[in-house]
Each structure stands twice: as structure tokens, then as C-alpha cells.
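[1] give me coordinates for this.
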Amino acid sequence: MALDDDIALLARQPLLGLMERDALRLVAFAAESRILRAGDVLFRVGEPSDGAVLVISGAVALDSREDGQPAQEIVGPGALIGEMALFTAVARPVTAIAREPTQVMRLSRSVMRRVLAESPGSAEAVAAAISDRLRGFVDQLSAVREALVAIDRG
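    Residues are numbered from 1 along each chain as shown. Below is the predicted model of the structure:
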């Protein structure tokens, strides 16, 4: 796949699309493309993260349980798995297994940090978007808390 195609794929992601084109070019250039066979494991629940994975083609099963039941979610082309792992070390919340021949692009946290350090405009846009998401999450939690308090009083 050409570098411009990789940049276009990254730009379609809500958070990455906020980044300047030159910053995305650096992320795309440093990304590792990988072809998986059906059944190949990308990572397992609980493993430390080192970045995110963008599904280019194929399908990946995501499951937080390891009990042999059908996967909780199947994602396909365009899905970014582990977005927050681009910015901070977190344990993988799910196991990710290719369901069919699948091409993925691995995006490294260390590369993302270097790119954002060199691209203050991109860093500011990403930080603002994450801040907005966090505010929305806090608002949702507050609404749930209020609903629970109302139920307890009720």
C-alpha cells in the first residue's frame, strides 16, 4: 500500500484525523503493516499495550472473556483497536484474533509521542479532543450517579 493510502486511512480516524498531514505522514511511515491468517492472535486480554492496531482488510474478533463463547464484537476495515494505547500504557482489555485473512497496521505509542512532540498543532488538537471526550464521560457518569441516587430515594 502506498504511503498516501496509509495517510488517508489514518485521517479517517476521528482522533488521528485532527492531526496535521505532515504528522500523519510520519505516523504512517513508521507504521508496521502485517498480514494475519485466520486464528492469528494480535494480543491477549491483560497484556501490556504498546500502541494501536488499524484494521485495513479482513475481520478481527474482540473478546474480554476467554471462555470459548462467540466473540463479543467483530470489527472490520477502518476499525482502530486500542486507540488509548497510542497515548498511555494500559493493559489490553480484550483478546484480538483474526477471523479471516486480515491486514493490519500497527501504530506505535513511542512514534506517536515523538510525532506529537514535533507537531505542537497536532498535539493541541488531539489533547483538546481527548479532553472533550473525558468531559462527556464525566457528564455521563454524573447522570448515572444522579439516576442511582434517585432510585435509592425512590
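
[2] which helices and strands does the lengthiest helix in the chain pack with?
    Under DSSP state H, the helix in the chain containing the largest number of residues is helix 120-153. Here helix 120-153 touches helix 109-118, going by 3 or more Cβ pairs under 8 Å, 6 or more residues apart in numbering; DSSP states H and E. Just so you know, the C-beta spots here come from the backbone N, C-alpha and C atoms, and that holds for glycine as well.

[3] the inter-axis angle of the helix it packs on versus helix 120-153?
    110 degrees (axes from the mean of the first three to the mean of the last three Cα atoms, to 10 degrees).

[4] low-confidence ranges, the chain, go.
    1 (pLDDT under 70).

[5] pick out the residue closest to the middle of it.
    The residue lying closest to the centre of the chain (Cα atoms, centre = their mean) is E83, at 2.3 Å.

[6] for the nearest residue in space to that residue that is not next to it in sequence, grab phi and psi.
    Nearest residue to E83, sequence neighbours excluded (Cβ to Cβ, 6 or more residues apart in numbering): A52, at 5.4 Å. Main-chain torsions, A52, degrees, to the nearest 10: phi -120, psi 170.

[7] am I right that A52 is in contact with I81?
    Yes. Using Cβ atoms under 8 Å, A52 makes contact with I81 at a distance of 6.3 Å.

[8] higher neighbour count, these two?
    Remark: of A52 and I81, A52 carries more neighbours, 24 against 20, as counted by other Cβ atoms under 10 Å.

[9] tell me what that one is bridged to.
    L107 (DSSP bridges).

[10] contact partners for it?
    Contact analysis of A52 by Cβ atoms under 8 Å, 6 or more residues apart in numbering lists L80, I81, G82, E83, A85, L86, R106, L107.

[11] give me that answer again for 6 Å
    The contact partners of A52, taken as Cβ atoms under 6 Å, 6 or more residues apart in numbering, are L80, G82, E83, A85, L86, L107.

[12] of the residues you listed - the most surrounded one?
    Neighbour max across the contacts of A52 (other Cβ under 10 Å) = L107, 26 neighbours.
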